[in-house]
Each structure stands twice: as structure tokens, then as C-alpha cells.
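> sequence plus predicted model, see below.
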Amino acid sequence: MATTKVKALVIEAKDNKEKDKLVTLYSLEEGKLFVYFKGVRGAKAKLKAAKEIFTFAEFVLEQTKGSGYIVTEANVIDSFAPIRKDLDKYYEVCSIVDIVKKLATNDSDPAFFVEIIKSLKSVCYDGAPKNYALIKFLLNIFDQMGYKFNFDYCASCKAKLTGKKYLNFDYGEFVCANCKQYTSVEVPQTVLSALKILKQTPYESLKTVKIGGNGDIKALNLLAENFEWRFNAKFFFV
């Protein structure tokens, strides 16, 4: 039977039969894949560590007679262990992975994959304040999918954004007061500043950023609403 090797993140795992696991991977090479871990729930199973959600590993897959794959080997690259010991980190990573589940396709998307791993490493190791990496992740994937925010100029009339500013959910861009529509919502300056700062700051430097006035919380709520408009789906966050 044909075998393939992929670098992938475990984004979902469900018990199957007595000792098996049905796992959803998001891979660099193949996009979303559904795979089986045979006998992996046994006490001495050699692939036990690789089946856990959030695990980033190199998997060797053997294609079955049907359309599925069985995992025959796995080399764990990063288990992101600190996530499992900190509730805030855990919930933030759950949010990122839930977004991945909503957006992942069966096609390879290297830029999206790299963004996922960068965001998880930021949450796990870089000491960024709660949800900063999640907000940056959302901003960057909006960019990648063609919904880039221009913080300086109105998306409609191209005038410099001054005074009150609005996000038009209909097409996911900022507009001025003259161009706002019924699908537009005013964006306070604290939120606009938070979005701009987090967008411009590298993941590894997010710990140096301080956002006041609940700008980060309001920014996340705004992005969650924009996400729902763009993709007709909600993602989990706390």
C-alpha cells in the first residue's frame, strides 16, 4: 500500500472502537486529513503521545484499501506541553485550533500552516499577554484570505481616515464616516490602535506590548464578528 509522510498538527481526536483513535490532522503538504491510530489507546502503545490534540509531528501514513490512512510512525516535533498546564494558554490555543477546523480544506496552504505554528509557539513559549497571539493570528489570516485591513485610508473613497472610523462588515474593511453603511460599526480609537499595534508586532515580541482600555478584548470581539461575516461561522473564545 502507498505511504506518505507529512508534517501536521493534531486538531481533533475521537475514540474509535476499543483502542483506536480517529484523528484529524492539518498538514503542511496535504491540508486536512482524517487518519486512524490503531491500538493507540493501549497502555503500551508506541504512538500514544502523537495522538494528543495540539501535537505537532511528522507522521508516516499508510493508505488503506478505502480512502483513509493509518498512522504507522510519528516523530513528535513539539507537544506544546506548557499549554496543558496553563488554563489561559489552553483556551487561547483552543480558539486558534477551532479557527483552523472552520477554515481548513483538503488542499495544501503553506502560509496558513506556518501561521498556525507561529501562533501556537507564541502562546506556548513567548509570554505574550492573553489573546494577543490569537488577535494577531486572526489579522494575519484575514490578510492571507484577501481581507486585509488598511488602517490609514478609507476602503471606499480612499480618503485618509480621520475622525470617526467604521468597519464595514459587508466587505470587511475600514471606512470613513461619509462612506459608512448600515452594515458598518464604529471602531473606537483604542480598538483601532490595538489592532494596528498587534498587526505590526512580531509574534516573539508580543510580550513587550501593553494595551490599555480593554482595547484587546474589544478588538477580539470585533474580529470575531468580522470572522462570522466573512466565513459564516463562529469560533470558540473566552
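All right, it came through fine. Residues are numbered from 1 along each chain as shown.

> grab the longest strand from this structure for me.
Scanning the chain for the strand with the most residues, using DSSP state E, yields strand 3-16.

> elements contacting whatever helix or strand comes next after that strand?
Where DSSP states H and E defines the elements, the next helix or strand beyond strand 3-16 is strand 20-27. Contacts defined by 3 or more C-beta pairs under 8 Å, 6 or more residues apart in numbering; DSSP states H and E place strand 20-27 against strand 3-16, strand 31-37, helix 110-125. Yep, even glycine has a C-beta here, placed from its N, CA and C like the rest.

> how big is the angle separating strand 20-27 from helix 110-125?
Strand 20-27 and helix 110-125 are oriented at 110 degrees to each other (axes from the mean of the first three to the mean of the last three C-alpha atoms, to 10 degrees).

> picking that back up, looking at the helices and strands packed on strand 20-27, spot the one closest to I217.
I217 lies closest, by C-beta to C-beta, to one member of the helices and strands packed on strand 20-27: helix 110-125, at 16.7 Å.

> just the CA coordinates for the helix or strand following the closest one, please, in CSV.
The element immediately downstream of helix 110-125 (helix or strand, assigned by DSSP H and E) is helix 132-144. The C-alpha atoms that make up helix 132-144 are tabulated as CSV, following Å, rounded to 0.1, in the frame of the first residue of the first chain:
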residue,chain,number,x,y,z
TYR,A,132,-2.6,38.8,21.8
ALA,A,133,-1.4,35.9,19.7
LEU,A,134,-4.9,35.0,18.8
ILE,A,135,-5.7,38.5,17.7
LYS,A,136,-2.5,38.7,15.6
PHE,A,137,-3.4,35.2,14.1
LEU,A,138,-6.8,36.5,13.0
LEU,A,139,-5.4,39.6,11.5
ASN,A,140,-2.8,37.7,9.5
ILE,A,141,-5.2,35.1,8.2
PHE,A,142,-7.6,37.8,7.1
ASP,A,143,-4.7,39.2,5.2
GLN,A,144,-3.9,35.8,3.6
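
> ok, and what's touching helix 132-144?
Residues from elsewhere that reach helix 132-144 (C-beta atoms under 8 Å, 6 or more residues apart in numbering): 92, 95-96, 99, 103, 111-112, 115-116, 119, 122-123, 126, 148-149, 172, 194-195, 198-199, 201, 203, 206, 209, 211, 216, 219-220, 223, 226-227, 230, 237.

> make CSV from the helices and strands packed on strand 20-27 and add mean neighbour count and distance to N178 to it.
Listed next are those as CSV, based on neighbours: other C-beta atoms under 10 Å; distance: least, C-beta to C-beta, whole Å:
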stretch, mean neighbour count, distance to N178
strand 3-16, 17, 43
strand 31-37, 19, 42
helix 110-125, 19, 34
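
> redo the ones you listed as TSV? Include distance to V71.
What follows is the helices and strands packed on strand 20-27, written out as TSV (distance: least, C-beta to C-beta, whole Å):
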stretch	distance to V71
strand 3-16	10
strand 31-37	5
helix 110-125	19
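
> any weak-confidence spans in this structure?
In the predicted model of the chain, residues 1, 40-45, 48, 66-67 satisfy pLDDT under 70.

> just want the most central residue of it.
The residue at the geometric middle of the chain, judged as the C-alpha nearest the mean C-alpha position with C-alpha atoms, centre = their mean, is I96 (3.4 Å).

> that older thread, out of the contacts of helix 132-144, which are buried?
For these, a burial check counting by 16 or more other C-beta atoms under 10 Å picks out 92, 95-96, 99, 103, 112, 115-116, 119, 122-123, 126, 149, 172, 194-195, 198-199, 201, 203, 206, 209, 211, 216, 219-220, 223, 226-227, 230, 237.
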